[in-house]
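K.L.:
What follows is a predicted protein model with its sequence.
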2 protein chains.
Amino acid sequence: MSEIETSLIGFSRGDASGDTFYASNPATGKELVAAYASAADAEVDRAAELAEKAAGSLAGLSGAEKAKFLRAVADNVDGIVEDLVTIVTSETGLPEPRVRGETGRTSGQFRLFADLVEEGSWVDARIDHAMPDRQPIPKPDLRSMLRPIGPVGVFCASNFPLAFSVAGGDTASALASGCPVIVKAHHAHPGSALAVGHAVIAAVKSCGLPEGTFSLLYGGGRTVGQRLVKHPALKAVGFTGSRSGGRALFDLAAARPEPIPVYAEMSSVNPIFLLPSVLSDRSEGFATGLQGSAVMGVGQFCTNPGVVIHEKGDAGDAFKSAYAELMSQAPASAMLHSGIRDAYGDGVTARSESSNVEVLTDAGAGRGAGGCEASASVFATDARSYLADASLADEVFGPSTLLVACEGREEMLEIAGALEGQLTASIFGEPEELAEHQDLVDVLETKVGRLLFNQFPTGVEVCHSMVHGGPYPATTDGRSTSVGTGAILRFARPVCYQGFPTERLPEELKDENSLGIKRVVDGNRG
Amino acid sequence: MSEIETSLIGFSRGDASGDTFYASNPATGKELVAAYASAADAEVDRAAELAEKAAGSLAGLSGAEKAKFLRAVADNVDGIVEDLVTIVTSETGLPEPRVRGETGRTSGQFRLFADLVEEGSWVDARIDHAMPDRQPIPKPDLRSMLRPIGPVGVFCASNFPLAFSVAGGDTASALASGCPVIVKAHHAHPGSALAVGHAVIAAVKSCGLPEGTFSLLYGGGRTVGQRLVKHPALKAVGFTGSRSGGRALFDLAAARPEPIPVYAEMSSVNPIFLLPSVLSDRSEGFATGLQGSAVMGVGQFCTNPGVVIHEKGDAGDAFKSAYAELMSQAPASAMLHSGIRDAYGDGVTARSESSNVEVLTDAGAGRGAGGCEASASVFATDARSYLADASLADEVFGPSTLLVACEGREEMLEIAGALEGQLTASIFGEPEELAEHQDLVDVLETKVGRLLFNQFPTGVEVCHSMVHGGPYPATTDGRSTSVGTGAILRFARPVCYQGFPTERLPEELKDENSLGIKRVVDGNRG
């Protein structure tokens, strides 16, 4: 019997008293040899207590000190890329180039946040000087800035074992704000989690930070995550996953004696609206592009385009046939784990059985040697049927597209108005057509975090302007983004200091502005 | 029988089919003659539907157009100040100078938000230019900014019939963001609400805005508010009031199929920590200042200082006696309505009956001719008893102070660490003492929205740096402020535009920056 791997509770390990579970290789269907023990209740509590203890020290770090730490994490993650190639591919079936690319994205995110906190202006520093002679009453000296919210729980995504997992965007942005982080590993890639967890802890140690800065918890079921979210020390939660999982955590957090924010990034069908010229002038190119976006990563991206809204007619029929043909040619590929493959199969079956839905490309039931392979599927319906059956608006997570034919722009607008919240919506057409459809833009803007023109939604750039968020059920908090530098704002809260002596103020709020950050001083933005 | 006043549903009135209620004059205890009808279900729905319809137009307004509207509201409110003096004093018992002052604060808030949106930088505009030649994949053009969240429900406070009511800070900040507002009037001052409601609607009309921009709903019980919060068109809620009321709305909003944010400002005891020099060097001045802060507005401020933590000893005993004496001299005054007076009586009785609590100043049972008068009360206990009895941390809304004697700084720190979330905490002492007590500052910072040194917490300056918020139960969303320009951020969400033609971008995101706002362009803050 091999050794059992346990949670990383600060600088120590769990005791393997909890239930054990194993990961599988989706390419082969074989269980991997390493056993992982779910964290015991006491281990969850210990991680939370350590985090609570560490919070004060982390909140006291300067931007430069945090940047040093974030860059140490980035270097350590880059340093294990060869290990990650081996471990991640075996646990997820993702191809090697994807693992290398995602590793770079992961360390890149940490470096971007390092730059952000080193520069320092993100804290939204505001200064209002005292006016002791103001009538009828003096104005006091008031200064405010964003401060870390406290210990953050992060739930790893299944579909990004690196960039949205142990050292993913949630962890990077929470640490950047100055919050301790407790990660709940995804049960499907525990070995990947362990390798990255060690990399983070090595950075905690090399930078001399308190051990409660970071912990990594294993859990085969929901118990560990629930206990973590209910712990009084926890002040916020980041999650990427299913709608039911995210909503359950949101409900749990809202029902606490002290409710805490949950940033759950959940489900999105990322609708694409085609203005008339697309099908008349460049149908083929669009279909090829759509196919690439729809099957990328076996459709396992939160930004996968699941619904395409187009006009009825000959051009629409030709597009449907061409797209169905393209999708039928896409090779079957292994999904991330059997649970995701099961859900895809269920979703495809349900859609096939919906009334007024035509199956254009049949995914088939084949699952390959490992039991996780999936083929692409394409369905078609008309606007009236789509609007009448709420289940057609549900996400089928995987390489599946639903084509919805409209009578004209009024029906297109009606569909836009009926949409649930989405991460993205895309419009394809000519610029003049976009101008004529400003009403569509206006409606879609209220439904999404990101609105694209003539581009496919897969591919989420990590930068200052990115909004990877959107109204419910895309996320549980439509005021936020989980990708890009804006993600740090989720884990911060404003604090105001009134009448404080200069030497007791944070550097960011002293008159001299030694950090050279942008501030609002007496109403003037510097 | 006089006419029955009804809700303002956009530009029309309700039909008086709902239950009627009356306000009372707390100074006389007499019911006022005007009857008000609670909004019927259909009226609540109609207000929500009008707001939903108006949202698009409001979202399309420029900052300059919004500023014009906000200033029109301010002018209209200023224009009815003489009416307000009559109506508000009769409904609340507040003295005339307070009504005049609060009117100025109310219009001043609107003008401050007008300046903010006219200047325009608050939208946090971010631009990342495309890099078509980037390897391995091109970088798309991405631009993001804050956009209005949608229709907002605002619940009026009892204790600020103007500045936190119909045209209060919640309404001003939501309108400034570009959100339609539906106000639920407070049942204790319906006439004040009506006067201000007409002033707002006159501005909506004079600026040519859609009628759904603003509605005012009456409700004698909880039905109207609950229906409003559950309406699918509503996207956020602002509330100022009791902990139980705020939590109930929060729970309701969190349980919606589409949860929405609730910004409820609820309860706070605003603790004051005395470092040793205060009682040894300036006990008398401190006691006088504290008394002024504690009885101001008959203690009916959310920032009323309810708990004072001091060191044991002769100086502490002397301070207790002196403060009790000062508080016993404060004249009894009418509270805002009999419900608040009842709650004050209950709170004082419960505290008097707590074990290990000494009554230093007895509030007495007298309620004056109108039945709403209250006298100040002072209680004393020691740190161990305070920490052992959670009810002693509860807010007694009114002119009541609990003095808590500690053995030394360790006990003081322990109390700070055990605090629930607060709007404010204050520290009094010499600057050198503050430096020696950085650990106390660090703990308090995690508990409050605003931290004061040598100043009393009553008096909330409306400015850029103000944070009137704090962790639960001070508010249901500790990431926010309900006073000051930061309040607008509660009613906005980021939206990203990818690959949009320049002419279809909002002005704020075009390269030329015709508005001259501060932005983040390719990572550089302008």
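P.N.:
That came through fine. Residues are numbered from 1 along each chain as shown, chains lettered A, B, ... in the order given.

K.L.:
residues contacting A:Ala383?
P.N.:
Contacts for A:Ala383 (C-beta atoms under 8 Å, 6 or more residues apart in numbering or on different chains) come out as A:Ile309, A:Val404, A:Ala405, A:Cys406, A:Glu407, A:Glu411, A:Met412, A:Glu414, A:Ile415. (C-beta placed from N, C-alpha, C; glycine too.)

K.L.:
Which members of the residues you listed occur in strands, if any?
P.N.:
A:Ile309, A:Val404, A:Ala405, A:Cys406 (DSSP state E).

K.L.:
can you list the residues you listed in CSV and add pLDDT, neighbour count and distance to chain B?
P.N.:
Shown next, in CSV, are the ones in strands among the contacts of A:Ala383 (pLDDT from 0 to 100; neighbours: other C-beta atoms under 10 Å in any protein chain shown; distance: C-beta to the nearest C-beta, whole Å):
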residue, pLDDT, neighbour count, distance to chain B
A:Ile309, 98, 23, 18
A:Val404, 98, 24, 22
A:Ala405, 98, 22, 25
A:Cys406, 98, 22, 21
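
K.L.:
Could you identify the most distant pair in the residues you listed?
P.N.:
Using C-beta to C-beta, these span at most 8.3 Å, a distance reached by A:Ile309 and A:Ala405.

K.L.:
so the closest residue to A:Ala416 other than its chain neighbours is in which element?
P.N.:
Excluding the flanking residues, the one nearest A:Ala416 by C-beta to C-beta, 6 or more residues apart in numbering or on different chains is A:Val443, at 4.5 Å. For A:Val443, the host element (DSSP states H and E) is helix A:438-445.

K.L.:
what's the helix or strand just after that helix packed up against?
P.N.:
As assigned by DSSP H and E, the chain's next helix or strand after helix A:438-445 is strand A:448-453. On a contact count with 3 or more C-beta pairs under 8 Å, 6 or more residues apart in numbering or on different chains; DSSP states H and E, strand A:448-453 meets strand A:422-428, helix A:438-445, strand B:492-498.

K.L.:
could you redo the last one with a cut-off of 7 Å?
P.N.:
Secondary-structure packing of strand A:448-453 (3 or more C-beta pairs under 7 Å, 6 or more residues apart in numbering or on different chains; DSSP states H and E): strand A:422-428, strand B:492-498.

K.L.:
The last one pairs with which strands, parallel or anti?
P.N.:
Counting by DSSP bridges, the strands paired with strand B:492-498 are strand A:448-453 (parallel), strand B:142-148 (antiparallel).

K.L.:
TSV for those, including distance to B:Leu419 and mean neighbour count?
P.N.:
Converted to TSV, the strands paired with strand B:492-498 look like this (distance: least, C-beta to C-beta, whole Å; neighbours: other C-beta atoms under 10 Å in any protein chain shown):
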stretch	distance to B:Leu419	mean neighbour count
strand A:448-453	36	25
strand B:142-148	33	25
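
K.L.:
Redo those strands as JSON lines? Include distance to B:Ala365 and mean pLDDT.
P.N.:
What follows is these, written out as JSON lines (distance: least, C-beta to C-beta, whole Å; pLDDT from 0 to 100):
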{"stretch": "strand A:448-453", "distance to B:Ala365": "57", "mean pLDDT": "98"}
{"stretch": "strand B:142-148", "distance to B:Ala365": "50", "mean pLDDT": "98"}
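
K.L.:
CSV please, covering these and showing distance to A:Gly339.
P.N.:
Listed next are the strands paired with strand B:492-498 as CSV, based on distance: least, C-beta to C-beta, whole Å:
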stretch, distance to A:Gly339
strand A:448-453, 27
strand B:142-148, 33
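
K.L.:
right, so of these, which gets closest to B:Phe286?
P.N.:
Evaluated over those, closeness to B:Phe286 peaks at strand B:142-148, with 42.9 Å, by C-beta to C-beta.

K.L.:
May I have that closest one as CSV, with CA atoms only?
P.N.:
Taking C-alpha atoms only, strand B:142-148 is exported to CSV below (Å, rounded to 0.1, in the frame of the first residue of the first chain):
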residue,chain,number,x,y,z
LEU,B,142,-10.8,45.1,-24.4
ARG,B,143,-12.4,48.1,-22.5
SER,B,144,-14.4,48.1,-19.4
MET,B,145,-16.3,50.5,-17.1
LEU,B,146,-18.9,50.5,-14.4
ARG,B,147,-22.5,50.5,-15.6
PRO,B,148,-25.8,50.9,-13.6
